[in-house]
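*Asks:* The following comprises the amino acid sequence and a computationally predicted model.
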Amino acid sequence: MWGWLLRRLGQIIPTLLILSVLIFALQQLMPGDPAIIMAGEERGDPQVLAEIRAELLLDRPIWEQYGAWLWRLLHGDLGFSWRIRQPVGALILEKLPVTLQLGLMAFVISVAIGVPAGIVSATYRDRPADWVANGVALAGISTPNFWLGIMMILFFSVQLGWLPPSGYVPLTEDWRQSLATTIMPAFVLGGGIAGVFMRHTRAAMIGALGQDYVRTARAKGLPERVVVNRHALRNALIPVVTLGTIELGRLLAGAVLTEQIFSIPGFGKLIVDAVFNRDYPVVQGVVVVTAVIFVSLSLLGDLLYMAINPRLRAA
Amino acid sequence: MTARLLAPLAVAAALLAGAAHAQDRPNLRIGLREDPDIMDPTLARSFVGRIVFASLCDKLFDINDKLEIVPQLATGYRWEDPKTLLITLRDGVTFHDGERMDAEAVRYSLLRHLTMQGSFRRGEITDLETVEVVDPTTVRLRLKQPSSPFLSQLTDRSGMIVSPKAAEAAGRDFGARPVCAGPFRFVERIAQDRIVLERFPAYWNAASIHFNRVTFQPITDSTARLANLQSGTLELIEVTSPSDVPAIRRDRRLALSTVEGLGYWNLIFNIGNGPRAATPMGQDRRLREAFDLAIDREALIGVVYEGLHTPTAQPIPPASPMHVRELRPAARDVERAKALLREAGVRTPVTVDLMVPNSPETRQAAEVMQSMVGEAGFDLRIVATEFASSLAAGVRGDFQAYLIAWSGRPDPDGNVWTFLHSRGAQNDGKYANPEVDALLDQTRTESEPDKRRALYAEAFRIALTTDRARLYLWHPKVIMAYAARLQGLALLPDGLIRLQGVRLR
């Protein structure tokens, strides 16, 4: 077990290194000169452009830029935002709790709706409950976040005046306001993913319910509730957990459109604004942190398999 | 037990006290189109940043609705000779850190703008040679050469005076905690979420300020920004999408304010910037004239911009005293356009690639143009390009025609020289005509308004009417929407929000 864990951790470091090279290489392919976009309407002064390039090392070869960045990164320094001159590390720490809260709320909503709906749908296969669950799931997956978000703002904020239309209040400041500002975006985000969970849980459950051990369990005379919950569900959960870690990772990497619509100052908004402003240190910092989150979640997923399936522990 | 009983009472009392305080002087929440960049007047570049600065940092001078220069931190000025400017300062003004705003601070700030590494102000005040402190309320500015636009630069960020003590202490991080002498002082900034300012009680014009706090919130989506105004979570927003205007007009709880802006939208032709200039469109002025004649600006503005903007044929807006009144957009004349194409001997349809920054409205404007010029014999191909990429392509000369906006400056020089002069850094089409260069250079030293306007008229006659270097299309309006309870808001052409005299009923 410990050897396995060490081996997994050992794989993470090269993964992150390769990723850091990719980030740098891809950013070179981004059209547009960062110095020109930084200068904005003041781009008329060639001396200013030269100064910007010198200050940001843009006049150096790419490998030198990469080396300088990696060296700082190894010292825990993600650099400064070119646009607003704040440390990238501080910016990420400021946005991370926002995205964590939004992502977790959306995740809870999606699991709470998706998994039970999938179980019901599989156990009542081809009956009205299944049709309804499928219909709702399909609607959830196919409704664009952008549209749903605007509709919710217009209905709950403008028409009814129940919820603030945008912005974010930290949990530590006022938990009620915090929930009020995040419930709509969390629902928009989670609603779509709930459909994905429902479909996967249903498929996995149908597979599990058709297995021999389920027939054996039923033949032993176990009540259906026990057959479904103890025997089928536990096995069916493995692919759902994999999906869960991927979806959670996606949520934490920032829900770009949703954060834009609701003006939630999280990861998604941070990276979108940074890309449009060619604020490379922010883009690099966010991608690195996101990669670390993804890798950690994938490790967490593996650990969860072991908790769910004892056979994997022995292996 | 007593404590448990008293706690809710204490909370209620605190809430009531807070409410009473808030009633005394309310807070104001303003929705911006994007997150401002760094809040350091020397290093700042964005337009929305200027909106925040208007509440944070007073300038030596300001403009009025006629674009005349009026004193703000200064009390007056006098040209001792064409290269020497004497400025007298308001006495008794303090910065937000309690330091005195005096001639020494003005000298420090101007030199900071001029010499700080990466300063975006240097280009604006590059004619400045020295700043002398005459006495605590008088400075003398010596210029390298006479400069008509110089004074107007002091009505914007170049004229913002910062606290030398705070600026020295913070260095390049000054933008994280700016200290100026404006009506509000900096409280906090959460990137992409809000910038909070609070009333500065020692402001020199404190009686005109009726808000306790001002919060600027960037909301990029125009529909979401309007929804915030409608639901009462914001009191004032920038309107960037004219299609929102009818809904605002219908809502009795809201009010709308528009003013003729300083900027313009124009079409740059690639005349001499690299190989892509070698097209019939780039080389033959008759084709560019035909293109102009094929466009009906009024109709385009009506379709795409709710008829709000003002058609134009020049870079100087009607609000400016330098506006060349006799230069008006030609009426649409498709037959004459076709005749010009025949005269030029080109095979129709003439293919033209038009690069446009990728936003729904600019794309729509380009599509309207596409259909209009199509009737005259042009095959306009729209190349929608992400904004930053389009800027770089513009500089490289990787375009045939480029539809782009300029936000505008109070002095016409900021709208003209850098775009039409052969040495102008933003002359992306690389138009060059020595006659025009000479005229534009003269506009910079001519101080007599009538003579200066005549120079502009002559420069435009050559560059625009004859050479067709650029095609000016319309001057956009500045549009603000706000809660009807908000009163006293007077918009000026620069589109900034000045909170002096504004109150919430």
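*Replies:* Sure thing, it's come through.
*Asks:* what about residue B:134, helix or strand, and which?
*Replies:* Per DSSP states H and E, residue B:134 falls inside strand B:128-135.
*Asks:* just checking, what packs against that strand?
*Replies:* helix B:103-115, strand B:138-143 (3 or more Cβ pairs under 8 Å, 6 or more residues apart in numbering or on different chains; DSSP states H and E). (Glycine included, C-beta is placed from N, CA and C.)
*Asks:* got the contact list for the first one?
*Replies:* It stands for helix B:103-115. The set of residues external to helix B:103-115 that reach it, using Cβ atoms under 8 Å, 6 or more residues apart in numbering or on different chains, is B:41-42, B:60, B:73, B:87, B:89, B:95, B:99, B:119, B:121-122, B:124-126, B:128, B:131-139, B:141, B:157-158, B:160-164, B:167.
*Asks:* So what does the residue of the stretch 201-315 of chain A found nearest chain B look like in phi/psi?
*Replies:* Going by Cβ to the nearest Cβ, chain B is nearest to residue A:265 of the stretch 201-315 of chain A, at 3.7 Å. Main-chain dihedrals, residue A:265, degrees, to the nearest 10: phi -80, psi 70.
*Asks:* Who are the contact partners of it?
*Replies:* A:94-95, A:98, A:168, A:259, B:190-193.
*Asks:* Out of those residues, name the ones that lie in helices.
*Replies:* Among these, the members falling in helices (DSSP state H) are A:94-95, A:98, A:259.
*Asks:* Narrow those to just the buried residues.
*Replies:* Among the ones in helices among the contacts of residue A:265, those classed as buried by 16 or more other Cβ atoms under 10 Å in any protein chain shown are A:94-95, A:98, A:259.
*Asks:* count of neighbours near the residue nearest to residue B:212 when sequence neighbours are not counted?
*Replies:* Leaving aside its sequence neighbours, residue B:212 sits nearest to residue B:25 (Cβ to Cβ, 6 or more residues apart in numbering or on different chains; 4.2 Å). Using other Cβ atoms under 10 Å in any protein chain shown, residue B:25 has 15 neighbouring residues.
*Asks:* tell me the contacts of residue B:25?
*Replies:* By Cβ under 8 Å, 6+ apart, the contact list for residue B:25 reads B:199, B:210-212.
*Asks:* Which secondary structure element of the chain has the lowest mean pLDDT?
*Replies:* Using chain A here. For chain A, using mean pLDDT, DSSP states H and E, the weakest element among its helices and strands is helix A:310-314, scoring a mean of 66.
*Asks:* per-residue confidence at residue 286?
*Replies:* No chain specified, so I'll use chain A. Confidence at residue A:286, expressed as pLDDT, is 87.
*Asks:* actually chain B
*Replies:* For residue B:286, the predicted pLDDT is 95.
*Asks:* sorry, back to before: which two among the ones in helices among the contacts of residue A:265 are spaced furthest apart?
*Replies:* Using Cβ to Cβ, the pair of the ones in helices among the contacts of residue A:265 lying farthest apart is A:94 and A:259, separated by 13.8 Å.
*Asks:* returning to that earlier point: grab the nearest non-local neighbour of the residue of the stretch 201-315 of chain A closest to chain B.
*Replies:* Leaving aside its chain neighbours, residue A:265 sits nearest to residue B:193 (3.7 Å; criterion: Cβ to Cβ, 6+ apart).
*Asks:* Roughly how far does that neighbour sit from residue B:138?
*Replies:* For residue B:193, the distance to residue B:138 (Cβ to Cβ, to the nearest Å) stands at 43 Å.
*Asks:* Next up, phi/psi of the closest residue to residue B:252 other than its chain neighbours, please.
*Replies:* Distances taken as Cβ to Cβ, 6+ apart put residue B:484 closest to residue B:252, at 7.1 Å, once the chain neighbours are dropped. Backbone torsions of residue B:484, given as degrees, to the nearest 10, read phi -60, psi -20.
*Asks:* Please report the distance of residue B:484 from residue B:255.
*Replies:* In terms of Cβ to Cβ, residue B:484 sits 5 Å off from residue B:255.
*Asks:* Which of those two has more residues huddled nearby?
*Replies:* Remark: of residue B:484 and residue B:255, residue B:255 carries more neighbours, 18 against 12, as counted by other Cβ under 10 Å.
*Asks:* isn't there a strand covering the more buried one?
*Replies:* Yes. Counting by DSSP: H, G, I helix; E, B strand; the rest coil, residue B:255 is found in a strand.
*Asks:* From chain A, how far out is it?
*Replies:* 17 Å (Cβ to the nearest Cβ, to the nearest Å).
*Asks:* Also residue B:472?
*Replies:* To chain A, residue B:472 is 17 Å away according to Cβ to the nearest Cβ.
*Asks:* where does that residue fall, helix, sheet strand or coil?
*Replies:* In three-state terms, and counting by three-state DSSP, residue B:472 is strand.
*Asks:* and the next element down the chain from the lowest-mean-pLDDT helix or strand in chain B?
*Replies:* Within chain B, no helix or strand scores below helix B:2-24, which has a mean of 43 by mean pLDDT, DSSP H and E. Per DSSP H and E, helix B:2-24 leads on to strand B:28-32 as the next helix or strand towards the C-terminus.
*Asks:* chain center to the helix or strand following that following strand: distance?
*Replies:* Once the chain leaves strand B:28-32, the next helix or strand it forms, by DSSP H and E, is helix B:47-56. Offset of helix B:47-56 from its chain centre (Cα atoms, centre = their mean, to the nearest Å): 11 Å.
*Asks:* Going by contacts, tell me the helices and strands next to helix B:47-56.
*Replies:* strand B:28-32, strand B:184-190, strand B:194-199, strand B:213-218.
*Asks:* For the next helix or strand after it, name the packing helices and strands.
*Replies:* Using DSSP H and E, the next helix or strand after helix B:47-56 towards the C-terminus is strand B:61-63. Where contact means 3+ Cβ pairs under 8 Å, 6+ apart, strand B:61-63 is packed against strand B:69-71, helix B:150-153.
*Asks:* any idea how far the residue nearest the centre of chain B lies from residue B:48?
*Replies:* Chain B has residue B:407 as the residue nearest its centroid, 4.1 Å off, counting by Cα atoms, centre = their mean. Using Cβ to Cβ, residue B:407 is found at 11 Å from residue B:48.
*Asks:* Please state the offset of stretch B:109-122 from the chain centre?
*Replies:* Distance, centroid of stretch B:109-122 to centroid of chain: 20 Å (Cα atoms, centre = their mean).
*Asks:* mean confidence for it?
*Replies:* pLDDT averaged over stretch B:109-122 gives 90.
*Asks:* Check which residues of it are buried.
*Replies:* For stretch B:109-122, burial by neighbour count (16+ other Cβ under 10 Å) applies to B:109-110, B:112-114, B:116, B:118-122.
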